[in-house]
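Predicted structure and sequence below. I'll ask about it afterward.
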Amino acid sequence: MTAGAEFRVDCHVKVLNRDVVANARSAGLDAIVYAPHFTRLPEIRRRAEVFSSDDLLVIPAREVFTGSWRNRKHVLALGLSDPVPDFISLEAAMAEFERQDATVLIPHPEFLTVSLGEDDVRTYEETIDALEVYNPKHLPRDNRRARDIAESRSIPPFTSSYAHFASTVGAAYTAFDREFETEAEVLEALENGIGRRVVHATGLERWTTTAKELLHLGYENTWEKIDRLFLSGQEPTHANHIAYDGRFEDDAVY
């Protein structure tokens with residue numbers, strides 16, 4: 001673990017391999033939250049366990065895509081006991097997170113058409129444990145808006161690199177003012193508003209990260225979206241997939 005009474009967590013990365021682990025250690029991180037797109041929870045857990053070590057804790061999570069492709073609202077859930085699919089209503093997802101007593105984080109609030117807005121945050125603030133106040137994909141005005149929402153609702157902040165590339169892991173992280181040893185301790189800190197600070201790259205490094213992640217966002221919303229909608233068939237995390245045994249069919253939005 002990092003020396004001193006501090007624990008550094010990159011609270012949302014989309015990739016996990018040896019380069020990610022090496023970059024995380026180089027950035028002085030103690031933990032990363034691994035939540036890839038359209039990957040089922042058992043596979044996320046398996047990979048997290050493979051790459052987790054005494055030097056770097058890898059916490060499995062799901063960024064659930066609620067709503068439709070046209071208007072999807074992302075919610076990051078940690079500590080899930082059961083799988084939750086994508087493309088169900090926001091109401092159904094939040095009810096399931098509450099049933100499982102999951103740790104609920106809101107990434108990139110009010111960003112384009114992929115985020116919870118302030119009204120959503122107000123509706124579910126009793127379920128929400130933390131809200132992202134800095135994201136490398138954001139422009140400065142987006143980060144200011146996110147911070148305003150968190151402060152106005154008295155919701156604890158967090159940040160992440162939202163890394164889709166190994167090289168951007170650790171570009172932003174949440175530093176807690178005490179050390180932890182286990183995933184459960186990190187989740188408890190997120191839920192209970194333990195003291196923390198938001199840390200991120202500045203200057204050229206900050207804008208290089210933003211440019212890379214925004215370019216990837218463009219890819220996600222053009223070629224990758226076309227592939228998933230028309231070429232690849234049903235997503236493995238779709239609510240109607242056989243893996244969910246019909247539990248969420250009534251909650252599916254398409």
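Done, it's in.

Check which strands are paired with the longest strand anywhere in the chain and give the direction for each one.
Counting residues, the longest strand in the chain under DSSP state E turns out to be strand 57-67. Partners of strand 57-67 in the sheet, by DSSP bridges, are strand 31-34 (parallel), strand 72-78 (antiparallel).

And it, what's buried?
Counting neighbours by 16 or more other CB atoms under 10 Å, one finds that the buried residues in strand 57-67 are 57-67. Where you see a C-beta, it was placed from the backbone N, CA and C, and this is true even at glycine.

Contacts only, for residue 9.
When contacts are counted by CB atoms under 8 Å, 6 or more residues apart in numbering, residue 9 is found next to 29-33, 59, 173-176, 186.

got a pLDDT number for residue 69?
As predicted, residue 69 sits at a pLDDT of 77.

okay, now it: neighbour count?
Summarising burial for residue 69: neighbours were counted as other CB atoms under 10 Å, giving 15.

I'd like the strands paired with strand 57-67 as CSV, with mean pLDDT, mean neighbour count and distance to residue 50 appended.
CSV is the format used below for those (pLDDT from 0 to 100; neighbours: other CB atoms under 10 Å; distance: least, CB to CB, whole Å):
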stretch, mean pLDDT, mean neighbour count, distance to residue 50
strand 31-34, 98, 27, 11
strand 72-78, 95, 22, 18
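
Can I get the ones you listed in TSV including distance to residue 157?
Formatted as TSV, the strands paired with strand 57-67 follow (distance: least, CB to CB, whole Å):
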stretch	distance to residue 157
strand 31-34	15
strand 72-78	14
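
and of those, who's closest to residue 254?
The closest approach between residue 254 and any of the strands paired with strand 57-67, judged by CB to CB, belongs to strand 72-78 at 10.5 Å.

how far is the closest one from where the chain is centred?
Centroid displacement of strand 72-78 relative to its chain, using CA atoms, centre = their mean, to the nearest Å, is 7 Å.

Only C-alpha atoms, please: export it in PDB.
These are the backbone C-alpha positions of strand 72-78, laid out as PDB (Å, rounded to 0.1, in the frame of the first residue of the first chain):
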ATOM      1  CA  ARG A  72     -29.000   6.200 -21.700                       C
ATOM      2  CA  LYS A  73     -28.200   7.100 -18.200                       C
ATOM      3  CA  HIS A  74     -25.100   5.500 -16.700                       C
ATOM      4  CA  VAL A  75     -24.900   4.300 -13.100                       C
ATOM      5  CA  LEU A  76     -21.800   2.800 -11.500                       C
ATOM      6  CA  ALA A  77     -22.600   0.000  -9.000                       C
ATOM      7  CA  LEU A  78     -20.000  -1.600  -6.700                       C
END
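
Kind regards, and thank you for your time.
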